[in-house]
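J.: Quick one, what's the 3D model for this:
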Amino acid sequence: MCDNANANATVVPKKVGDRESDHLSRTLKSLVKCFIRESSFKVNDIGKASGSACLNHLDDDSLSPREQQIFEYCTRILGSPSYTIPLVVRENKSSIKALRFSNLFTKLQSQSILSRRWSILYFLLSLSDQSTFRETIGPIEQTFASRGLVDISKKNYSNDPDNHFMPNVPFLSNTSSTKIKSATIGEKLFSGDALSPEAILRKHSAGLNTKYEISEVLLLRDVVYVFQGIDGQFIKFNTESDSYIVDPKVGVPRPTRDLITKLSELGLLYRRVDSFVKTRVNDSSIGLVGQAFCSALQRELTEYFKLMAVLEAHITKQLENQHFIAQGLSLKRLLVWTQESLAKLRLMSVLVNGCQDQRGGALVSIIYKHTNHGDPFNQKFINNMLEEVSRPFYEMLQRWIYEGELEDPFEEFFVACDVNVEEEDLWQLKYSIRSHMQPSFISTSLAKKIFSIGKSLNFIRYSCHDNDWVTTQRKATGSDKLFRYGDIIALEHSIDATYTATSKRLLNILYLKYRLMEHFTALKRYLLLGQGDFIQYLMGQLGPGLSKAANTLYRHNLTGTLEAAVRASNAQYDDPDILRRLDVRLLEVSSGDCGWDVFSLDYHVDSPINTIFTPQAMHQYLKLFNFLWRLKRVEYCLSDAWRRQTTGARNLNQIEELKKDINTSRTVCNEMIHFVYQLQYYILFEVVECSWDELVTDIEKKSGDLDSLIEAHNSYLNNVTSKSFLGTSNNQNYLSRLSKIIAYILQYLNALEELYLFAAREMMRRDKFRYESEERKSRYSEFKENISEQQDLKTNLRPIQQQLIEVSGNFKNELMSLLTALAHHHDTDLRFLSVRLDFNEFYHNLAEKEGYKGKKL
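T.: Numbers count the residues shown, from 1 in each chain. Here you go, the predicted structure:
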């Protein structure tokens with residue numbers, strides 16, 4: 001009968017367990033009813049009536065709300081680990097085992113991560129060899145443990161206001177379907193049937209399996225297919241989740257499914273990388289660097305395929321043996337063997353995602369950013385990848401710095417070329433830098449040197465017509481040595497040496513063959529009025545003609561005068577090529593302009609020196625010449641006025657009515673001459689000469705490239721124009737005041753010219769009157785005519801006097817305003833100019849005096 005009972009228990013364990021659980025549940029309900037209903041009796045009556053009351057209510061399952069609360073409370077207590085653990089400990093006779101079990105359980109309770117400690121502990125104990133434990137635990141513990149895990153969580157009595165019998169007792173919260181399923185498994189494990197640990201493990205795994213199981217060798221075969229982006233028999237790619245999943249109909253345990261999920265990452269990464277390579281390997285729009293990137297990826301995939309071949313050989317061997325070899329391939333071993341390939345494919349996937357729409361140097365820069373990693377494996381892999389990807393870039397770089405040739409059909413290099421630009425603008429406009437194509441491992445200074453080397457080679461070949469040196473230099477520097485990534489120090493040394501040699505050769509050609517320094521000197525001497533005797537003679541010869549209307553001037557006449565000025569001065573000893581470039585230029589004529597307003601000198605420049613003397617630079621020279629020519633004109637007119645005053649002073653002083661005006665005009669002219677001389681001295685010596693000395697110092701260093709020379713020349717011109725009030729908008733206020741002062745000087749000289757003409761007419765009239773008075777007989781009529789003539793003299797002289805006074809007053813006011821502005825200028829030279837113009841504080845005292853009178857008025 002024992003064998004039959006055991007057989008029945010094995011076949012239908014669920015029915016036996018349910019029958020025992022129902023019996024225990026009815027017994028506990030009867031006890032609860034007995035305690036509740038007889039709680040009002042006396043202590044001695046309780047013992048008499050308890051037995052009959054319990055038996056009477058044994059078959060009655062209905063409970064009042066309070067009885068139901070107490071029943072569930074008792075169920076939770078009896079099913080909790082605090083009740084059953086002591087039972088387990090007491091059943092073990094060995095005190096050492098009991099103590100060890102108690103300590104382990106105490107440590108388990110202190111863990112905050114595990115939420116079902118008792119179920120885990122009991123499950124592990126059930127799998128152990130302690131079969132006596134499974135036999136000693138009775139049905140009541142199984143029933144209450146199962147109820148404590150599932151049913152008691154339905155209601156939280158700690159928050160129930162009607163719970164007066166069991167206050168502050170926490171209950172379990174609502175559990176998910178997963179926890180209920182685990183509880184159901186726990187009920188099965190708590191059953192009293194004597195099952196072996198292997199049977200219990202199979203029963204536990206049955207809840208995770210589906211209809212049937214497959215061998216691990218077949219799963220291995222499918223996993224290797226997944227590694228190659230191919231769907232297997234049981235593992236297929238799901239487009240919705242973008243991942244590989246195991247067929248739900250296949251009986252695979254959950255741990256194995258998780259392991260397959262980890263392994264399938266390799267297949268997903270392979271699909272991504274392989275798709276990138278296949279779609280771009282034949283696409284010419286990605287450029288040479290992009291194709292090199294695809295080639296590097298394909299090389300890594302080839303190494304990956306070698307690993308796949310080894311794995312397939314192992315699996316084929318295991319399938320032929322028809323059993324799983326202990327030392328053969330398994331899913332766990334496969335996970336370990338593919339770690340290196342997984343790391344490589346992860347890096348390749350990251351690179352593929354970051355380089356989707358990049359080309360050339362930008363693609364190299366993105367890959368280079370991943371070298372800044374602490375993992376040596378990642379650094380080595382990226383460096384190997386960069387060495388192959390950057391090979392087309394280094395080939396273009398080598399041709400650029402050794403031959404000056406830009407072989408970039410897909411515009412991947414950081415130097416761009418505009419083929420439509422003419423040869424004259426080769427240095428300035430033909431080549432440019434694409435900053436977004438500059439690799440990040442090439443610094444900005446190094447990129448500028450690379451850019452300058454190629455430009456210099458093309459400038460020497462096409463503008464300076466020295467192709468032989470370029471060919472010789474290419475052979476001498478060993479251009480057959482290829483550059484490669486990783487040796488950046490050697491690259492910098494090579495570029496520095498090539499940069500120095502190329503720049504030195506280019507500057508020597510300009511200084512020696514094209515006499516660049518002589519052109520600098522000629523521009524200073526002729527356009528900045530540095531050749532004094534030439535300018536003085538030219539001014540004297542052109543002065544009378546330039547005072548006429550501008551439309552009466554003829555260029556051939558002015559050219560003849562220019563040639564005469566050259567022959568009459570030390571300019572005749574200059575190089576004929578320099579003198580040939582000097583020419584006359586007439587500006588655009590406007591109505592009312594005189595010859596002084598449109599006359600200008602010009603200096604012709606051609607290739608290759610027009611690279612330094614650009615149209616913008618020549619325009620600045622023209623502005624400086626026009627301003628200095630106006631000052632020279634004012635100086636010339638004031639000198640002529642002073643000469644007239646000096647030579648005609650004796651005759652002019654004979655007219656008593658003009659004596660005061662002549663003396664006043666002489667004083668005013670001296671003020672104007674002082675102003676013009678000091679301003680000319682400041683511009684020609686403190687500005688032009690000092691800036692010229694800085695330029696010569698930079699040129700004599702002979703360091704840098706042509707760009708450095710152009711920058712030094714531009715700095716020289718900017719310094720001269722800014723300190724001459726012709727530069728930035730901040731100087732426009734000073735320039736307008738200077739223009740007004742010059743205009744007032746010319747107006748005053750015109751008024752003074754009218755005064756001289758008036759004085760000459762008056763002297764002629766008086767000489768004529770003196771001659772005629774000798775023939776007159778009536779002195780009364782002579783006296784009468786003399787009075788009337790004196791009245792006419794004062795009437796005709798008054799407008800000239802008023803104009804002289806008005807113009808001289810405007811000149812002084814504008815000059816004092818300019819001195820005040822210069823005194824507060826941030827430039828020290830301009831402040832010294834203010835001191836030089838008012839060296840004796842004449843205008844300062846005059847301003848204070850006029851200010852005092854103004855207050856008085």
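
J.: contacting residues for residue 328?
T.: Taking C-beta atoms under 8 Å, 6 or more residues apart in numbering, we find residue 328 in contact with 314, 317, 318. Using the backbone N, CA and C atoms, a C-beta is placed for each residue, glycine as well.

J.: Among those residues, which ones are in helices?
T.: Among the contacts of residue 328, the members found in helices (DSSP state H) are 314, 317, 318.

J.: what would the contacts of residue 328 look like in JSON lines with neighbour count, distance to residue 707 and pLDDT?
T.: Listed next are these as JSON lines, based on neighbours: other C-beta atoms under 10 Å; distance: C-beta to C-beta, whole Å; pLDDT from 0 to 100:
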{"residue": "314", "neighbour count": "18", "distance to residue 707": "65", "pLDDT": "85"}
{"residue": "317", "neighbour count": "12", "distance to residue 707": "69", "pLDDT": "83"}
{"residue": "318", "neighbour count": "20", "distance to residue 707": "70", "pLDDT": "78"}
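
J.: and which of those residues is nearest residue 464?
T.: Checking the contacts of residue 328 against residue 464 with C-beta to C-beta, the nearest one is residue 314 at 69.6 Å.

J.: gap between the closest one and residue 675?
T.: Taking C-beta to C-beta, to the nearest Å as the measure, residue 314 falls 102 Å from residue 675.

J.: swap in residue 313?
T.: On the measure of C-beta to C-beta, residue 313 and residue 675 end up 102 Å apart.

J.: out of these two, which sits in the more crowded spot?
T.: residue 675 (22 against 11; other C-beta atoms under 10 Å).

J.: May I see the buried residues of the one helix or strand the more buried one maps to?
T.: Using DSSP states H and E, residue 675 maps to helix 656-681. Burial within helix 656-681, assessed by neighbour count using 16 or more other C-beta atoms under 10 Å, is assigned to 658, 661-662, 665, 668-669, 671-676, 679-680.

J.: swap in stretch 502-519?
T.: Using 16+ other C-beta under 10 Å as the test for burial, stretch 502-519 gives 502, 503, 505, 506, 507, 509, 510, 514, 515, 516, 519.

J.: Going by neighbour count, which residues in stretch 734-741 are buried?
T.: Residues 734, 737, 738, 740, 741 are the ones in stretch 734-741 that count as buried (16+ other C-beta under 10 Å).

J.: Run the chain-centre distance for that stretch.
T.: 45 Å (C-alpha atoms, centre = their mean, to the nearest Å).

J.: can you pull out the strands in the stretch 551-700 of the chain?
T.: Here the stretch 551-700 of the chain has its strands, by DSSP state E, counting those that start in this stretch, at 582-586, 599-603.

J.: Could you point out which of those sits nearest residue 809?
T.: strand 599-603 (31.1 Å).

J.: and that closest one, C-alpha only, in PDB?
T.: The C-alpha coordinates for strand 599-603 follow below in PDB (Å, rounded to 0.1, in the frame of the first residue of the first chain):
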ATOM      1  CA  PHE A 599      46.400 115.800 -60.300                       C
ATOM      2  CA  SER A 600      48.100 112.800 -58.900                       C
ATOM      3  CA  LEU A 601      51.200 110.700 -59.400                       C
ATOM      4  CA  ASP A 602      50.900 106.900 -60.100                       C
ATOM      5  CA  TYR A 603      53.300 104.000 -59.900                       C
END
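
J.: Distance of residue 834 relative to residue 679?
T.: Relative to residue 679, and taking C-beta to C-beta, residue 834 is found at 11 Å.

J.: ranges for the helices of the stretch 451-600 of the chain?
T.: 467-476, 488-508, 516-522, 532-546, 555-567, 576-581, 595-598 (DSSP state H, counting those that start in this stretch).

J.: for the stretch 601-750 of the chain, that is, sorry about that
T.: 615-647, 649-652, 656-681, 690-701, 706-723, 732-773.

J.: what does the stretch 751-857 of the chain give?
T.: 779-823, 828-837, 842-856.

J.: Residue 28: which of those helices is closest?
T.: Of the helices of the stretch 751-857 of the chain, nearest to residue 28 by C-beta to C-beta is helix 828-837, at 107.6 Å.

J.: which strands and helices sit next to the closest one?
T.: Contact partners of helix 828-837 among helices and strands, from 3 or more C-beta pairs under 8 Å, 6 or more residues apart in numbering; DSSP states H and E: helix 656-681, helix 779-823.

J.: Can you name the helix or strand that the nearest residue to residue 281 once chain neighbours are set aside falls in?
T.: Sequence neighbours aside, residue 294 is the residue nearest to residue 281 in space, at 4.6 Å (criterion: C-beta to C-beta, 6 or more residues apart in numbering). Residue 294 is part of helix 287-321, with elements assigned from DSSP H and E.

J.: quick one: buried residues of that helix?
T.: 287-294, 296-297, 300-301, 304, 308, 311-312, 314-315, 318.

J.: Flag every buried residue along stretch 697-711.
T.: 698, 699, 704, 705, 706, 708, 709, 710.

J.: whoops, stretch 520-540 was the one
T.: Those would be 520-531, 534-539, for stretch 520-540 by 16+ other C-beta under 10 Å.

J.: which residues touch stretch 551-566?
T.: 534, 537-538, 541-542, 545-546, 571-572, 579, 582-584, 586, 589, 595, 598-599, 601.

J.: neighbouring contacts of the helix or strand containing residue 382?
T.: Element membership for residue 382 (DSSP H and E) is helix 376-389. Here helix 376-389 makes contact (C-beta under 8 Å, 6+ apart) with 289, 292-293, 295-296, 299-300, 343-344, 347, 351, 363-364, 367-368, 370-371, 373, 484-486.

J.: if you set the cut-off to 7 Å instead, what comes out?
T.: Applying C-beta atoms under 7 Å, 6 or more residues apart in numbering, the contact partners of helix 376-389 are 289, 292-293, 295-296, 343-344, 347, 364, 367-368, 370-371, 373, 484-486.

J.: Mean confidence (pLDDT) on the next helix or strand after that helix, please.
T.: Downstream of helix 376-389, the first helix or strand assigned by DSSP H and E is helix 391-403. In this model, helix 391-403 has a mean pLDDT of 92.
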